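# need coordinates for the below:
(2 chains)
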There are 2 protein chains.
Amino acid sequence: MTVAAKKLLLAVTPGTYGPILEPSVEQEMAALCGVVKAPADVGKMTPEQYGRLLAESGAEIVVTCWGSPRLTLAALRGAPHLKYMIHLAGTVRAYVEKEAIEAGLIVTNWGGAIARTVAEAALMMILCALRRVAAYQMELHIRKGWRSPHDDKVRSLFERSVGIHGLGTISKELIRLLKPFGVRIEAYSPHAPDSDFAELGISRQRSLRELYARNDVISVHASKTAENCHIVNAELLAAMKDGAAIVNTARGAIIDTEALVAELRKGRIQAALDVFEEEPLPPDHPLRGLENCLLLPHCGGPTPDRRVDMGRQGLRNLKRYLAGEPLDAIVTPAKYDLIT
Amino acid sequence: MTVAAKKLLLAVTPGTYGPILEPSVEQEMAALCGVVKAPADVGKMTPEQYGRLLAESGAEIVVTCWGSPRLTLAALRGAPHLKYMIHLAGTVRAYVEKEAIEAGLIVTNWGGAIARTVAEAALMMILCALRRVAAYQMELHIRKGWRSPHDDKVRSLFERSVGIHGLGTISKELIRLLKPFGVRIEAYSPHAPDSDFAELGISRQRSLRELYARNDVISVHASKTAENCHIVNAELLAAMKDGAAIVNTARGAIIDTEALVAELRKGRIQAALDVFEEEPLPPDHPLRGLENCLLLPHCGGPTPDRRVDMGRQGLRNLKRYLAGEPLDAIVTPAKYDLIT
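Numbering: from 1, shown residues only, chains lettered A, B, ... in the order given. Prediction:
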């Protein structure tokens, strides 16, 4: 006698299978649940069509990812058997209405599964900013030169001070990668409890201005909320030390780009940016050509070779759910707006 | 009653004072020894003139650095009171004849004091090669583009395999920096004892070809010896895995540049180079413009802000010498040719 398997709807686009949802992970899911695959055009469904699919599937669990349709409160009401949404990516706003979560739908996301690759990008960008890698590519590849007037300003990360703006899963992974460099770390976060700082062995900085003024390196990991829009303004940038470096792997809108361009033009600070207020970065954007600014096209993480970690995190949470164990990376209504 | 202080000659060029020999370090040396400063033009002295200076100074200890004159066996014979040369930099060949060391002169160099900054450069260059930073600078800064055909080839260092070619002070520091990335490390070194591998927790690879064929990342730290000239040849480069990265922070001549250019032109592997067979790199060199090759102008380390570590290492060794304690980083005749 077997218990009827719970039904699981894979509401992911065809491109998700393979790079994110490995065959072995899909097979394990099928061994645990009655798996139904959404049609290949699931990404083009309206919320209403998606609602009908959810209702007809009888699924208790739905797996979503980049390109999946949006789950509305109305769709949830039409599919009362649906209890749990495993979102394989990060930000859920485009994929589920906050009201559906408030109505009781459990939602989890990639949590810390991909945080380490973004932290890796942040570490690389910190090193590149301190060592002026963008300027040297221009000098050696384009101008066919060698030494530059900036040679005596190249800096090491060893024994420097690092200010972390925002304390979430990514900055926690970054702190782990920074340890071998013997840096002094302080972080600013209105949300993180004191226990987080104690566990990480870092100082709490309660003044954002002091964070920017006191440290050799600033790494931005703040959430994309209305209050954080342009929170890194001209005043904070002007407060930075001469030769200091600012790195942004979070969201472009956190920094007032116009103010950053103005500060970078003075040649006083270094920057490395993976995210921008407007993406793709417009061809004529004034950041282009600023040699004290390393530019990357929002590829911090997860890197293509590590997107399998997203599917593996989803499988781990599915197993926990089926076993009645606590889930990892639950997106509560309070967290809904904080995820970058 | 005080013991007559030993005499110490500072045979360093004026540019050494400050960035390398901090005032506080110089003061501590003066408190420990009878310090004589060489004239400002010491760097232009012939070996004969330098020999006379050493003889007349009566110094038991001489401190040298980049730009100091060469200490010959003849000069040593003319200054029998000279026992110990504290060289603040790395390679000593330009600054002392091997025969002088064989005749009993004790020589120490910067040892591991600056190794960590070169290791830091190597880590940064590994990350840059895997994430195609040089190509993205061309794309975003020069071509004013955004995404590139290489986007799906961006890779993370996490859980990759790293092959270390040569096991000295720099690669040991690199292994420390690599630890948080959960990489599998194997190293090739004909010189390092098995105990080094055991202490570092890495595998010994006895075949150089296997080292190049098996690993996702190759970091070159071999010595600049005659046998290592062009040891990284077309065959080793062709053996590298598709998408693998090779990083050179050691010496340019270790890699057959012509073979590397040919391999890079195929677009199959990534490289990041801080050192070249000819430096400065000639303006028309074929490496320039190859977007799968990050180029830096031999600035791996020590970075200007950490050159103080060179002077501090010299002071530590001076204190050990005066106390009759074992010295760090002694340049034996056997090591004389191995230091890169």
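# for the closest residue to A:Arg93 other than its chain neighbours, what are phi and psi?
Spatially, and ignoring its direct neighbours in sequence, A:Arg93 is nearest to A:Tyr336 (7.0 Å; CB to CB, 6 or more residues apart in numbering or on different chains). C-beta here means a position set from N, CA and C on the backbone, and glycine is covered the same way. When read as degrees, to the nearest 10, the backbone of A:Tyr336 gives phi -50, psi -40.
# just checking, A:Tyr336 touches A:Glu99?
No. At 10.2 Å, A:Tyr336 does not count as touching A:Glu99 under the criterion of CB atoms under 8 Å.
# higher neighbour count, those two?
A:Tyr336 (17 against 13; other CB atoms under 10 Å in any protein chain shown).
# how near is that one to A:Ser223?
11 Å (CB to CB, to the nearest Å).
# and A:Leu294, by the same measure?
23 Å.
# A:Leu236 against A:Glu210, yeah?
No. With contact defined as CB under 8 Å, A:Leu236 does not reach A:Glu210; the gap is 10.3 Å.
# burial of A:Ala122, as a residue count?
29.
# correct me if wrong, but it is in a strand.
No. Using DSSP: H, G, I helix; E, B strand; the rest coil, the assignment for A:Ala122 is helix, not a strand.
# excluding its backbone neighbours, what's nearest it?
A:Thr249 (4.7 Å).
# who's in contact with A:Ser171?
Shown in contact with A:Ser171 (CB atoms under 8 Å, 6 or more residues apart in numbering or on different chains): A:Ala119, A:Ile164, A:Ala187, A:Ser219, A:His221.
# farthest-apart pair in the residues you listed, please.
Farthest-apart pair in the contacts of A:Ser171 is A:Ala119 and A:Ala187; separation 13.5 Å (CB to CB).
# same drill for the two, tell me which one is more crowded.
Between A:Ala119 and A:Ala187, counted using other CB under 10 Å, A:Ala119 has the larger neighbour count: 28 against 24.
# now do the contacts for that one.
A:Ala119 touches A:Ile170, A:Ser171, A:Glu173, A:Leu174, A:Arg176, A:Leu177, A:Gly301, counting by CB under 8 Å, 6+ apart.
# how is chain A divided into domains?
Domain assignment for chain A by automatic domain parsing gives A:7-113+A:304-336, A:115-295.
# quick check: mean pLDDT of the longest one?
Here domain A:115-295 scores 96 as its mean pLDDT.
# and it, how far apart are its ends?
20 Å (CA to CA, to the nearest Å).
# what about it, distance to the chain center?
Computed by CA atoms, centre = their mean, to the nearest Å, the chain-centroid distance of domain A:115-295 equals 15 Å.
# cool, and the shortest one?
For domain A:7-113+A:304-336, the gap between its own C-alpha mean and the chain's C-alpha mean amounts to 18 Å (CA atoms, centre = their mean).
# now do the end-to-end distance for it.
26 Å.
# run through who's touching the helix or strand hosting A:Val36.
Assigned by DSSP states H and E, A:Val36 belongs to strand A:34-37. When contacts are defined by CB under 8 Å, 6+ apart, strand A:34-37 is touched by residues A:Ala4, A:Ala5, A:Lys6, A:Lys7, A:Leu8, A:Leu9, A:Leu10, A:Glu26, A:Met29, A:Ser57, A:Ala59.
# which one among those residues gets closest to chain B?
Of all the contacts of strand A:34-37, chain B sits closest to A:Glu26, with 20.6 Å by CB to the nearest CB.
# name the nearest residue to the closest one, sequence neighbours excluded.
Per CB to CB, 6+ apart, closest to A:Glu26 is A:Tyr17, 6.9 Å.
# cool, A:Leu123 as well?
Sequence neighbours aside, A:Leu177 is the residue nearest to A:Leu123 in space, at 4.8 Å (criterion: CB to CB, 6+ apart).
# list the contacts for the one you found?
Contacts of A:Leu177 by CB under 8 Å, 6+ apart are A:Ala119, A:Glu120, A:Leu123, B:Pro180, B:Phe181.
# now with 10 Å?
Each residue near A:Leu177 by CB atoms under 10 Å, 6 or more residues apart in numbering or on different chains is listed here: A:Arg116, A:Ala119, A:Glu120, A:Ala122, A:Leu123, A:Met124, A:Ile126, B:Leu123, B:Leu177, B:Lys179, B:Pro180, B:Phe181.
# now list the buried members of those.
Buried by 16 or more other CB atoms under 10 Å in any protein chain shown: A:Arg116, A:Ala119, A:Glu120, A:Ala122, A:Leu123, A:Met124, A:Ile126, B:Leu123, B:Leu177, B:Pro180, B:Phe181, out of the contacts of A:Leu177.
# quick one: the last one from chain A, how far?
B:Phe181 sits at a distance of 7 Å from chain A (criterion: CB to the nearest CB, to the nearest Å).
# quick one: that residue and B:Leu174 touch, right?
No. Counting by CB atoms under 10 Å, B:Phe181 stays clear of B:Leu174, with 11.3 Å between them.
# residues that sit against both of the two, list them.
In contact with both B:Phe181 and B:Leu174: B:Leu123, B:Ile126, B:Val162, using CB under 10 Å, 6+ apart.
# I'd like to know how far the second one sits from chain A.
Relative to chain A, B:Ile126 is positioned 9 Å away (criterion: CB to the nearest CB).
# so who does that residue touch?
By CB under 10 Å, 6+ apart, the neighbours of B:Ile126 are A:124, B:157, B:160, B:162, B:174, B:177-178, B:181, B:183, B:216-219, B:245-247, B:270, B:272.
# could you measure from it over to B:Glu199?
For B:Ile126, the distance to B:Glu199 - CB to CB - is 22 Å.
# hang on, the earlier thing: residues contacting the residue nearest to A:Ala122?
So A:Thr249 contacts A:118-126, A:170-171, A:174, A:219-221, A:272-275, A:296, A:298-301, A:340 (CB under 10 Å, 6+ apart).
# cool, and A:Trp110?
A:20, A:65, A:86-91, A:169, A:302, A:307, A:309-314, A:317, A:328-329, A:339.
# now A:Met85
Contacts of A:Met85 by CB under 10 Å, 6+ apart are A:9, A:11, A:54, A:59, A:61-64, A:68, A:71, A:76, A:92, A:95-96, A:100-101, A:105-109, A:331.
# cross these against strands and list the overlap.
In this view, these that belong to strands under DSSP state E are A:Leu9, A:Ile61, A:Val62, A:Val63, A:Thr64, A:Ile106, A:Val107, A:Thr108.
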